[in-house]
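**Q** when you get a sec, could you give me coordinates for this:
(2 chains)
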Amino acid sequence: GENVEQHPSTLSVQEGDSAVIKCTYSDSASNYFPWYKQELGKRPQLIIDIRSNVGEKKDQRIAVTLNKTAKHFSLHITETQPEDSAVYFCASFTSGTYKYIFGTGTRLKVLA
Amino acid sequence: NAGVMQNPRHLVRRRGQEARLRCSPMKGHSHVYWYRQLPEEGLKFMVYLQKENIIDESGMPKERFSAEFPKEGPSILRIQQVVRGDSAAYFCASSTAGATDTQYFGPGTRLTVL
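**A** Residues are numbered from 1 along each chain as shown, chains lettered A, B, ... in the order given. Below is the predicted model:
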């Protein structure tokens, strides 16, 4: 079946450094790619998303890039802060099936 | 503008009892998704519903689990004869009817089976 692979599963960075999380999807019909941040005991919250007609999107310290040919998309967080520590999930969405497929998550730790 | 609502937030059941989880989507949202999350794990898709229709239940166990989204009222995820392995956080999410509309999550229901 369709799936989304996410790497790495854990990531530790020093405060102020950058963090990159990568996802690969299998369904070439996928056309929407959101990223969610989940803090311990809380709901996943949307932090940024990208649609298939765009290659890159940026929102302050967060950016997402999409390579449709390679079926890769990545989350970039610059100038990391301790409050960025959380689990991050990527997802792919395919219109027509309305199906979201989530990656397995990346636990990011920002060390002060 | 209230977000996605779920209740109860915490539910404790003994083995063999029934668990009933409710989800009220955001206003204007007609698509509801249910996910299960075990501790330290990812989100596992269970079922996708629109009003009065189950669209995709491929992630839901065939036995003991059922879901509905009636014309009026919240979506319900029902687990009959719960077992300890059903202990998890259950999240619902809602979206509008657009082709790429964003999915917003509720706060989750944490089910504990004793």
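
**Q** C-alpha from now on. contacts and neighbour counts both.
**A** OK.

**Q** for B:Tyr33, list each beta-bridge partner.
**A** Beta bridges link B:Tyr33 to B:Tyr48, B:Ala93 when assigned by DSSP bridges.

**Q** thought it was touching B:Leu43?
**A** No: in this structure, B:Tyr33 is not within contact of B:Leu43 by C-alpha atoms under 8 Å, at 11.3 Å.

**Q** those two - which one has more neighbours?
**A** Neighbours per residue (other C-alpha atoms under 10 Å in any protein chain shown) separate B:Tyr33 from B:Leu43, with B:Tyr33 holding more: 26 against 20.

**Q** enumerate every residue touching that one.
**A** Contacts of B:Tyr33 were listed using C-alpha atoms under 8 Å, 6 or more residues apart in numbering or on different chains, and they are B:45-49, B:92-94.

**Q** and residue 22, what element?
**A** Defaulting to chain A. strand A:19-25 (DSSP states H and E).

**Q** look at chain B instead
**A** Counting by DSSP H and E, B:Arg22 is part of strand B:19-24.

**Q** so what touches that strand?
**A** Contacts of strand B:19-24 (C-alpha under 8 Å, 6+ apart): B:4-8, B:11, B:13, B:73-80, B:82, B:92, B:106, B:109.

**Q** what is the mean pLDDT for that strand?
**A** Averaged across strand B:19-24, pLDDT comes to 98.

**Q** what bridges to the closest residue to A:Asp59 other than its chain neighbours?
**A** Leaving out its chain neighbours, the residue that sits closest to A:Asp59 by C-alpha to C-alpha, 6 or more residues apart in numbering or on different chains is A:Ile48, at 7.5 Å. For A:Ile48, the beta-bridge partners are A:Trp35 (DSSP bridges).

**Q** ok, A:Ile48 - contacts?
**A** Per C-alpha under 8 Å, 6+ apart, neighbours of A:Ile48: A:34-36, A:59, A:62-64.
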